[in-house]
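> Give the three-dimensional model of this entry:
(2 chains)
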Amino acid sequence: MTMKSVVMEGSKLREEAHQIFDWVKSFAKGAEVEIGLGTNVNEGLRFGNNELSQSQYSRRRALSVRVVTNKRQARATTGLLEKSEVEKTVRKALEQARAGPEDADLLPMLGPQKYQPIDRYYSRTAEASAEQKAGWISHAIDMAKKNGLLASGILETNVDHYWMLNSAGLETSYKGTQGDYSLTMDADNGNQTGYALSTFVDLRELDANEVADTALERAKLNKNQGDIKPGKYDVVIDPQAWSEMLFFLIVSAAAGYTPDFGTRQYKEGRSYLSGRLGEKIMGDNISIDDDAYHPLQTGAAFDGEGYPKSKLPLIENGVLKSLASSRISAHRYPDAKPTGHELPLPNPLGEIPNNLVIRAKGSVKKSAAELVRELDSGLLITRLWYIREVEPRTKTVTGMTRDGTFLVENGEIKRPVKNVRYNQGLLDLFSKVEATSEPVTNLGRFGETTMVQPGVLARDFNVTSVSVF
Amino acid sequence: MASFDRNDSLGIKSGSESITRLSVLSEGSFLSESLFKSTRLILTSDEYTEVAVVYPPVYSGESCESSMGPNLQPSLATLVPRSERANTKYFLTQGTVSSIKGMGEGLSKIALETAAKENATYTDFRLVNSRNEATQVVNDNPSSEELTSLGVGVRVLYGGLGWGFADTDEMNRDGIREATLKAVALAKGAAKVGIKIQFAKEPSYVDSWLSPVAKDPFNVPMEKKYELLNDCCERMKAEGVVLRRGGFVFTSIEKYFASSEGSRIFQRMIYSGGGLVVAAKGPTGMQRRSDQQWMLKGYELIDELEFPEKAEELKKDVIALNGAIKCPEGKKDIILSADQVGLQVHESCGHPIELDRALGYEANFAGRSFLTPDKLGKLQYGSEHVNMVMDATINHGQGLGTFAYDDEGVKAQRKYAVKNGKFVGFLMSRQTAAMVGEARSNGCMRAEGYRLPIIRMTNVSLEAGDWDYDEMIEDTKDGILMVTNYGWSIDQKRYNFQFNTEKGYIIKNGSVEQMVRGPAYSGITPEFWGSCDAVGNKKSWVLWGTPNCGKGQPQQVMITGHGASPTRFRNVTVFGAQ
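Okay, here's the model as predicted:
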């Protein structure tokens, strides 16, 4: 087999994965082995100042090999798939494993599993052409030009294939597509600006004209911003606005930006949730599941060692109900069961739920615009930016708004205001959500976090300072 | 016809560090079965003075009738004059390729010729071979991973109007050709709607550069690394401590750059870095202390960092923080530790001086800048004590932003960004330099791996001042000393910021007194730097490494350097975050 014949397309990937797995087993000489073979194709047309500035295409493969020998394990990953390179990769992993200490959490490799079928591959998305993308972008640029604005952003698609095998007989795979169209229209060095984002798995979900219309509408509104005083405000947060903020529910800055909401972190005492199972930590109208099978979710039905993902009620009616878990946690702690949330091993950091679905009781409004109509007085926030953790116990984060923050009175947008800085506890925010709107998908790449997140109307959002624009 | 057995004839063994003996292969020879299993064969012919890397490997069952036969695809050949052959080094340390210089020379020809046939205005080619080893211990649980990659990025300008870029990890003639044609197609598409692209001139170079290394980190036994990490994690144990984490990352990057203007540049960089994190729970919640450093150095950096001693100090700190008072609020004079100043420089100067950002090309994600071209040479960015340089040269130090040439073949340079407080310089590319009327780029195009280069920081540093650190403390009547970053946030034009730090101390009448927890400060960038009245001297100046700067769409992670010393700012808004 030559390199040229290693074709990373769906039906051939299985064959190639098995070929490589046979090599890995022979090179590993009796050690337990696990391989993950993946490929990604990304095409993105990036534009700025009404020009196509960076048109990019990327096609990458990766083979990741985990070896287990003599109570030790290590991992080596390579982008080179010739037999000799695979041999070197296996050898490197074995050397690292042998040189490392015994791993007290080491378990025998997982055997064959049954998985719930999911279908996240759309050929429409995979085959979306650069010309198609350029056409949509050109439309946005034309609209911007007609209105004296500058359009910038990216329209990109991703195609992922992945196959996992191990020496205990486990075999599983994933195939998925996704994309996003992120658009800003601005002028006067960003003093006038509007933003819109659409994420999709199936290209049919993308309404590029609507994205352009939204960005334009917001840009038209968002100029000559007025002042605003720091204080507590009722807010409507657009569903696409707060992905970066929500991320902090499952990440610990105190532990150095490591995964959180997992059993190991909880039991070791290093999670902000430690000691709080069964406690009401959010409003009783809020529930958060980890649900890889939700129709708006992306990603695979298995975790980093191939264990099938379970749907988990993490927060139920405001109460911390369960944690992401794994075989390691089940082995360490008698009261834990595996739930399919392990990261690729070896993993000393703990588990993570990376398919969050956030919802609230009560009727769901169609859009953030309908939530605005419910707001007597407050702010409409269209984008939250540069968010970092300030205090771990309350999950207080700080960040800025950008690209359109509007004062609302009596259910109507009155005027734009300057961007604000906030210091807001996430648990407190989720205790003050009064209403939600239809959710959107915040896309993570395969292996990363995807959130299904609604727009919200929430009380007492803590604005602490104001910027100059 | 002669036949050749791998080990004897070629003197090449799998995994060998160097090639000790090269063989002669003449036309019409068969390769034996054992040769078929080899990875990369370096062959020379005394007669032809030609080096051919035979690649991909040919497997048992196949045969060839000559060294250039159909089943062998010698996709590159480099003419090496006999006089230089002894000086030509072949590295098998990555275990992937024998010399990416040789490979780059061959593969770049394919890319450049393919693009030329398509009438590209300009083409550049980057072959990047990288190896990354990450080892960590978290609460006594170990992990190690090694990551290797080899790939090519091709960038094409078509009609002088549109750019296209494609990358691939298919290291053969067809793969490179396909990627180049894809880049050309994207460039042609962009050219249909593009405007004339200006491109500042730069001489072409044929050069090689290796970063200085005293101790190859990949030759240090893994046992030694684990021993050190385990020692540190053990030292961080104490009542209330819930997280003990130590880790090292070592990276080797080889780059080969070629352009249609004639540049052929090879560079090899080795980076090392490590960090410790300890977190403890107590009556005040959870406190964290950490320490990290990253440089363009080998394992000698780890030796210099004295992690075991640091582990003890961090543990004591984090226990003490749990009993410390909250940082007081109000307007205070603050002295920031050198590492915190480094991050402040990164966020409030390094990013807004990225010219692509200042021109609006990053508006959708990273944002814009308050430092627009019309302000160059005019805006008072900070006080007269503030001097910031953009310096990628080795003379500045072995920082994460040090190299010989950037990723579009521009030589490393040193220029001021802020001089005596005045804003005087941008980080530029060849295109953006021309857009603002500069004759030359200052070499700030950098890419993560073999992805598309974009403008990134190099080493953006605050020059050392005159103040001895102890004197700075003694001179401060009522202030807060703040140490090491906990969190950082700034608006999209780089004005309004808030930084939280891990620990602080009240300074009263020139003495460092009580420890405080959760010290944080906020401000507006030019007002903040305008309040700077004391910069630490060279004794306390360190070239810090930031390993994880994010920018671009799709996002790329870049390593950057920031030299800084402890610095004082007057009358700053401070508060206690925890």
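> Hmm, residue B:447 and residue B:153 touching each other?
Yes - here residue B:153 reaches residue B:447: they are 6.7 Å apart, a contact under C-beta atoms under 8 Å. C-beta coordinates here come from the backbone N, C-alpha and C atoms, glycine included.
> Mind listing the shared neighbours of these two?
Shared contacts of residue B:153 and residue B:447 (C-beta atoms under 8 Å, 6 or more residues apart in numbering or on different chains): B:126, B:128, B:453.
> hey, what's the second one bridged with?
Taking DSSP bridges, one finds residue B:151, residue B:255 as the beta-bridge partners of residue B:128.
> same question, residue A:420
Beta-bridge partners, per DSSP bridges, of residue A:420: residue A:466.
> and residue B:208, what element?
Secondary structure assignment for residue B:208, by DSSP states H and E: strand B:206-210.
> Is the residue of the stretch 301-450 of chain B found nearest chain A in a helix, a strand, or coil?
Closest contact between the stretch 301-450 of chain B and chain A, by C-beta to the nearest C-beta, is at residue B:361 (3.6 Å). Following DSSP: H, G, I helix; E, B strand; the rest coil, we place residue B:361 in the coil state.
> roughly how far apart are the closest residue to it other than its chain neighbours and residue B:189?
Setting aside the residues directly before and after it, residue B:361 is nearest to residue A:48 in space (C-beta to C-beta, 6 or more residues apart in numbering or on different chains), at 3.6 Å. Residue A:48 sits 16 Å away from residue B:189, going by C-beta to C-beta, to the nearest Å.
> for residue A:248, same thing?
Residue A:248 is 39 Å from residue B:189, where distance means C-beta to C-beta.
> Longest helix of chain B, counting residues only.
If you go by DSSP state H, chain B has its longest helix at helix B:173-193.
> How about it, which residues are buried there?
B:173, B:175-191, B:193 (16 or more other C-beta atoms under 10 Å in any protein chain shown).
> With stretch B:417-433 instead?
So for stretch B:417-433, counting by 16+ other C-beta under 10 Å, buried means B:417-419, B:421-433.
> Now, the residues you listed that are in helices?
Going by DSSP H, the helices hold B:430-433 from the buried residues of stretch B:417-433.
> what are the ranges of the helices in chain B?
All helices of chain B, identified by DSSP H, fall at B:33-36, B:82-85, B:100-117, B:173-193, B:222-235, B:300-305, B:307-321, B:338-345, B:355-358, B:430-435, B:469-474, B:525-530.
> Does residue B:103 touch residue B:152 like I think?
No - with contact defined as C-beta under 8 Å, residue B:103 and residue B:152 do not form a contacting pair (9.6 Å).
> where does chain B dip in pLDDT?
Applying pLDDT under 70 to chain B flags residues B:1-99, B:578.
> tell me, what residue is most central in it?
With distances taken as C-alpha atoms, centre = their mean, residue B:559 lies nearest the centre of chain B, 3.3 Å away.
> just to revisit the earlier point, please work out which of the helices of chain B is packed deepest.
helix B:355-358 (a mean of 28; mean count of other C-beta atoms under 10 Å in any protein chain shown).
> Residues touching it, excluding its own?
By C-beta under 8 Å, 6+ apart, helix B:355-358 touches A:48, B:351-352, B:362, B:366-369, B:371-373, B:426-429, B:432-433, B:435-436, B:454-455.
> longest strand of chain A?
Of all the elements of type strand in chain A, the one with the most residues (DSSP state E) is strand A:51-69.
> quick one: residue A:174 from residue A:247, how far?
22 Å.
> circling back to that earlier point, I'd like the ones in helices among the buried residues of stretch B:417-433 as JSON lines, with distance to residue B:325 appended.
As requested, these are exported to JSON lines (distance: C-beta to C-beta, whole Å):
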{"residue": "B:430", "distance to residue B:325": "54"}
{"residue": "B:431", "distance to residue B:325": "53"}
{"residue": "B:432", "distance to residue B:325": "49"}
{"residue": "B:433", "distance to residue B:325": "51"}
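> show me what contacts residue B:248?
By C-beta under 8 Å, 6+ apart, the contact set of residue B:248 is B:133-136, B:217, B:225, B:229, B:272-274, B:302.
> re the thing from before, tell me if the longest helix of chain B is near chain A.
Yes - using C-beta under 8 Å from any C-beta of the partner chain, helix B:173-193 reaches chain A at B:174-175, B:179, B:182-183, B:185-187, B:189-190, B:193.
> Next: stretch B:204-217.
No - on the criterion C-beta under 8 Å from any C-beta, stretch B:204-217 is out of touch with chain A, staying 13.6 Å away.
> Give me the buried positions along that stretch.
Buried, per 16+ other C-beta under 10 Å, within stretch B:204-217: B:205, B:211, B:213, B:215, B:217.
> Can you name the two of these that sit furthest apart?
The span of the buried residues of stretch B:204-217, defined through C-beta to C-beta, is set by B:205 and B:215 at 29.5 Å.
> Please list the residues of the stretch 301-450 of chain A that sit near chain B.
Counting by C-beta under 8 Å from any C-beta, the stretch 301-450 of chain A sits next to chain B at A:346-349, A:385-393, A:396, A:398-400, A:402-403, A:419, A:421, A:423.
> among those residues, which are in strands?
Counting by DSSP E, those place A:385-391, A:396, A:398-400, A:421, A:423 in strands.
> can I get these in JSON lines with neighbour count and pLDDT?
Shown next, in JSON lines, are these (neighbours: other C-beta atoms under 10 Å in any protein chain shown; pLDDT from 0 to 100):
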{"residue": "A:385", "neighbour count": "20", "pLDDT": "92"}
{"residue": "A:386", "neighbour count": "21", "pLDDT": "93"}
{"residue": "A:387", "neighbour count": "22", "pLDDT": "94"}
{"residue": "A:388", "neighbour count": "20", "pLDDT": "94"}
{"residue": "A:389", "neighbour count": "24", "pLDDT": "94"}
{"residue": "A:390", "neighbour count": "25", "pLDDT": "94"}
{"residue": "A:391", "neighbour count": "24", "pLDDT": "92"}
{"residue": "A:396", "neighbour count": "23", "pLDDT": "95"}
{"residue": "A:398", "neighbour count": "27", "pLDDT": "95"}
{"residue": "A:399", "neighbour count": "25", "pLDDT": "95"}
{"residue": "A:400", "neighbour count": "27", "pLDDT": "95"}
{"residue": "A:421", "neighbour count": "23", "pLDDT": "95"}
{"residue": "A:423", "neighbour count": "22", "pLDDT": "95"}
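> Can you pick out the most distant pair from those residues?
Using C-beta to C-beta, these reach their maximum pairwise distance at A:385 and A:391, which is 19.5 Å.
> quick one: the closest residue to residue B:468 other than its chain neighbours and chain A, what's the gap?
Spatially, and ignoring its direct neighbours in sequence, residue B:468 is nearest to residue B:537 (6.0 Å; C-beta to C-beta, 6+ apart). Relative to chain A, residue B:537 is positioned 31 Å away (C-beta to the nearest C-beta, to the nearest Å).
> contacting residues around residue B:537?
Residue B:537 neighbours (C-beta under 8 Å, 6+ apart): B:464-469, B:565.
> Please verify my assumption that the residue nearest to the centre of chain B contacts residue B:294.
Yes - contact criterion C-beta under 8 Å: residue B:559 and residue B:294 qualify, at 6.8 Å.
> residues bridging contact with the two, i.e. touching both?
B:271, B:400, B:545-547.
> Closest to residue B:391 out of those residues?
Residue B:391 lies nearest to residue B:400 out of the shared contacts of residue B:559 and residue B:294, by C-beta to C-beta, at 12.3 Å.
> Please give me every residue in contact with the nearest residue to residue B:573 once chain neighbours are set aside.
With C-beta to C-beta, 6+ apart as the criterion, residue B:573 has its nearest non-adjacent residue at 5.1 Å, and that residue is residue B:522. Neighbour list for residue B:522: A:421, A:465, B:496-499, B:572-573, B:575 [criterion: C-beta under 8 Å, 6+ apart].
> Check residue B:126 too.
Counting by C-beta under 8 Å, 6+ apart, residue B:126 touches B:152-155, B:255-257, B:407, B:447, B:450, B:453.
> hang on, the earlier thing: between residue A:174 and residue A:247, which one's more packed in?
residue A:174 (22 against 17; other C-beta atoms under 10 Å in any protein chain shown).
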